[in-house]
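Student: What would the 3D arrangement of this be:
(one chain, ligands or ions: 1)
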Amino acid sequence: MAHVYGRPKTHLSRCRFLLAAILVLSVVPAWAADQPAGVLCKGTRFETSYYVVESGKPGPLVMVTGGVHGDEPAGMRAAEQIRHWPIRKGRLIVLPRANVPGLAAKSRNIPDEPKESANLNRDFPCKGGPDKPLNALAEAMWQLVLSRKPDWLVDLHEGFDFHKINKKSTGAGLIRTRHKDVLAVSERMLEAVNKTIDEADHELVPMINPAVGSLARAAWEVNGIRAMIQETCLKEPLARRVRQHRIMVHCLLKDLEMVDCDRDLITPPDRQPGELRVAVYCGGGVGSTGPVRLEGLLQADRGVLARLVSPEAIRAGVLRQFDAVVFPGGTGKGTAEALGEGGREAVERFVRGGGGYLGICAGAYLATSGYEWGLKIIDAKTVDSRHWKRGKGTVKIELTPAGREILGRREGELPIYYANGPLLGPGGRDDLQDYTVLSYFRQEMRENDAPEGVMLNTPAMIAATYQKGRVALFSPHPEKTAGLEPFVARVIRWTAGRAPQDAGIAPATRRAR
Ligand SMILES: [Zn+2]
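Tutor: Predicted coordinates:
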């Protein structure tokens with residue numbers, strides 16, 4: 001937006017104010033990490049917060065930036081998680097969402113910006129590139145770097161392909177500047193992340209010299225900052241990319257003796273009163289669109305903290321940080337395979353120990369007892385699964401009294417989006433508590449020769465206790481139905497043991513499994 005930058009006087013005074021604000025706010029204790037230390041480009045479309053985590057002890061200053069390119073969403077999520085890590089020495093500065101307009105538009109370039117300066121990662125001053133920052137956002141970020149003088153700068157990005165497979169992409173790479181410390185630690189960062197990658201072609205590779213005009217290049221050239229760009233590959237599921245970023249930054253901070261927390265620490269250390277922490281599965285069998293939709297919907301609910309979790313993180317025990325987990329639509333078997341035996345056991349253990357489970361469509365299939373790969377955490381089997389492909393579209397459901405209590409009172413029939421969700425029936429196991437029906441299908445889908453009358457009046461939503469935990473399954477999709485989205489947060493509150501307390505659903509049987 002040229003006209004913002006075209007007001008040098010206002011801009012300079014804003015910068016001076018910014019510098020003053022930085023000085024005043026430079027001693028923010030770790031417990032105050034949830035308050036931004038400062039705001040860049042306040043009052044403009046570029047407005048974005050940055051955070052400073054202080055250890056109170058001398059040590060390196062590390063700056064982490066995410067969201068420079070708006071169509072690379074893993075970096076901002078990783079940075080948002082990293083900014084809550086407790087720091088043992090030195091100081092961490094995190095700018096999670098550098099390019100707010102780009103992130104909102106999911107566009108690589110800054111929307112409505114002249115072509116020459118639209119790519120924020122080409123807007124910084126360096127040899128053969130711009131001689132000054134090319135717009136107000138780059139200027140504010142550059143001033144932050146100049147005023148703070150970090151020892152290290154890690155910029156989080158993503159590329160469209162795996163570099164090992166396609167040399168045209170920087171995806172799955174670590175782009176280093178030539179500082180000897182960067183070259184040394186990058187070996188360990190790559191080793192740490194590549195240990196978590198099964199396919200050799202998907203491993204990250206070392207690269208050298210960030211692009212002319214990039215923040216990392218400018219920081220290195222102009223200030224000798226140990227700078228690098230982490231590039232994950234957009235072909236990987238989102239939560240895995242976030243984890244890869246986290247693992248590399250964690251390796252660096254560990255090397256600098258700045259952290260000793262778990263690299264899968266993805267929630268803030270302090271809980272807000274009454275806060276509900278929800279993990280949303282994002283990985284094989286599911287893709288990224290559904291989880292991101294659920295994450296957004298839950299984050300919009302006051303008092304809910306939602307995080308995408310990968311199967312790798314679930315196997316590593318990440319669910320301990322949460323009150324409930326949601327498994328979205330996709331394929332039940334695909335999700336089970338991606339979780340692996342270790343992941344399935346971790347989910348079962350989580351619910352047994354008091355965690356909540358919401359399965360939507362494929363996530364409902366996953367929880368049932370009839371499949372070899374099922375979690376078997378509810379006494380339900382799928383009915384007529386031979387005709388599972390019975391169609392997608394709107395059908396009518398009706399809530400039962402228990403459903404009305406848990407989901408919010410809605411009388412009569414409700415239209416809801418359905419997409420090949422399971423038809424549920426009793427599982428016939430006597431070691432599990434019988435489920436309670438929250439709603440019934442009052443209309444059916446009968447594509448691909450599905451017989452008439454089978455779906456009609458079967459349960460659309462069910463709930464039951466499982467040991468200390470609670471399980472709810474939705475065959476259709478309230479999260480994709482205008483007006484019914486609040487069902488998701490409401491049922492999760494119930495699964496997590498919040499209101500309403502029982503809704504007439506019996507406590508778990510005490511018989512051993
Ligand atoms: Zn990028």
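
Student: Make sure E398 is actually in contact with I416.
Tutor: No: in this structure, E398 is not within contact of I416 by Cβ atoms under 8 Å, at 10.4 Å. Quick note: C-beta positions are derived from backbone N, CA and C, even for glycine.

Student: Those two - which one has more neighbours?
Tutor: Neighbour comparison, E398 and I416: the larger count goes to I416, with 25 against 18 (by other Cβ atoms under 10 Å).

Student: where's the more buried one, which helix or strand?
Tutor: Per DSSP states H and E: I416 is located in strand 413-419.

Student: Tell me the buried residues in that strand?
Tutor: Across strand 413-419, burial judged by 16 or more other Cβ atoms under 10 Å covers 414-419.

Student: Make a markdown table out of these and add distance to D262 and pLDDT.
Tutor: Listed next are these as a markdown table, based on distance: Cβ to Cβ, whole Å; pLDDT from 0 to 100:
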| residue | distance to D262 | pLDDT |
| --- | --- | --- |
| L414 | 42 | 97 |
| P415 | 44 | 97 |
| I416 | 39 | 98 |
| Y417 | 38 | 98 |
| Y418 | 39 | 97 |
| A419 | 36 | 96 |
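
Student: dump the residue contacts of the residue of the stretch 101-250 of the chain found nearest the ion.
Tutor: In the stretch 101-250 of the chain, the residue that lies nearest the ion is H157 (3.3 Å; Cβ to the ion). Neighbour list for H157: 68-69, 72, 75, 121, 170, 229-232 [criterion: Cβ atoms under 8 Å, 6 or more residues apart in numbering].

Student: coming back round to it: what's the strand holding I416 in contact with?
Tutor: 329, 361, 391-399, 439, 442-443, 445, 460, 475-478, 480-481, 484.

Student: quick one: low-confidence ranges for the stretch 351-500 of the chain?
Tutor: Across the stretch 351-500 of the chain, nothing is flagged by pLDDT under 70.

Student: Using the three-state scheme, assign L294.
Tutor: helix (DSSP: H, G, I helix; E, B strand; the rest coil).

Student: Setting aside sequence neighbours, what's the nearest residue to it?
Tutor: V280 (5.0 Å; Cβ to Cβ, 6 or more residues apart in numbering).

Student: go on, L103?
Tutor: Nearest to L103 is G70, by Cβ to Cβ, 6+ apart, at 4.4 Å.

Student: Count the residues that sit near that neighbour.
Tutor: Counted with other Cβ under 10 Å, G70 comes out at 23.

Student: OK, contacts around it?
Tutor: 99, 101-110.

Student: Name only those of the residues you listed that count as buried.
Tutor: Among the contacts of G70, the ones that count as buried (16+ other Cβ under 10 Å) are 99, 101-103, 108-110.

Student: okay, those in JSON lines with pLDDT and secondary structure next?
Tutor: Converted to JSON lines, the buried ones among the contacts of G70 look like this (pLDDT from 0 to 100; DSSP: H, G, I helix; E, B strand; the rest coil):
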{"residue": "N99", "pLDDT": "98", "secondary structure": "coil"}
{"residue": "P101", "pLDDT": "98", "secondary structure": "helix"}
{"residue": "G102", "pLDDT": "98", "secondary structure": "helix"}
{"residue": "L103", "pLDDT": "98", "secondary structure": "helix"}
{"residue": "R108", "pLDDT": "97", "secondary structure": "coil"}
{"residue": "N109", "pLDDT": "97", "secondary structure": "coil"}
{"residue": "I110", "pLDDT": "98", "secondary structure": "coil"}
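
Student: May I see those organised as TSV, with distance to the ion added?
Tutor: Below are the buried ones among the contacts of G70 laid out as TSV (distance: Cβ to the ion, whole Å):
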residue	distance to the ion
N99	10
P101	15
G102	10
L103	12
R108	7
N109	11
I110	13
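
Student: ok so, going back, could you list which of the contacts of H157 also contact the ion?
Tutor: Taking Cβ under 5 Å from the ion as the test, the ion is in contact with 69, 72 out of those.

Student: Most distant residue from the centre of this protein?
Tutor: E452 (40.7 Å; Cα atoms, centre = their mean).

Student: so is that one in a helix, a strand, or just coil?
Tutor: E452 - assigned by three-state DSSP - is coil.

Student: next one: the lengthiest helix in the chain to chain centre, how far?
Tutor: Using DSSP state H to define each element, the chain has its longest helix at helix 332-352. Centroid separation between helix 332-352 and its chain, computed with Cα atoms, centre = their mean, to the nearest Å, is 19 Å.

Student: now the angle from whichever helix or strand comes after that helix to helix 332-352?
Tutor: Sequence order places strand 356-360 as the next helix or strand after helix 332-352, per DSSP H and E. When axes from the mean of the first three to the mean of the last three Cα atoms, to 10 degrees is applied, the directions of strand 356-360 and helix 332-352 differ by 160 degrees.

Student: other SSEs contacting strand 356-360?
Tutor: strand 324-327, helix 332-352, helix 362-367, strand 469-474, helix 486-495 (3 or more Cβ pairs under 8 Å, 6 or more residues apart in numbering; DSSP states H and E).

Student: let's see it at 6 Å
Tutor: For strand 356-360, the elements it packs on are strand 324-327, strand 469-474, helix 486-495, judged by 3 or more Cβ pairs under 6 Å, 6 or more residues apart in numbering; DSSP states H and E.

Student: Understood, closing this out.
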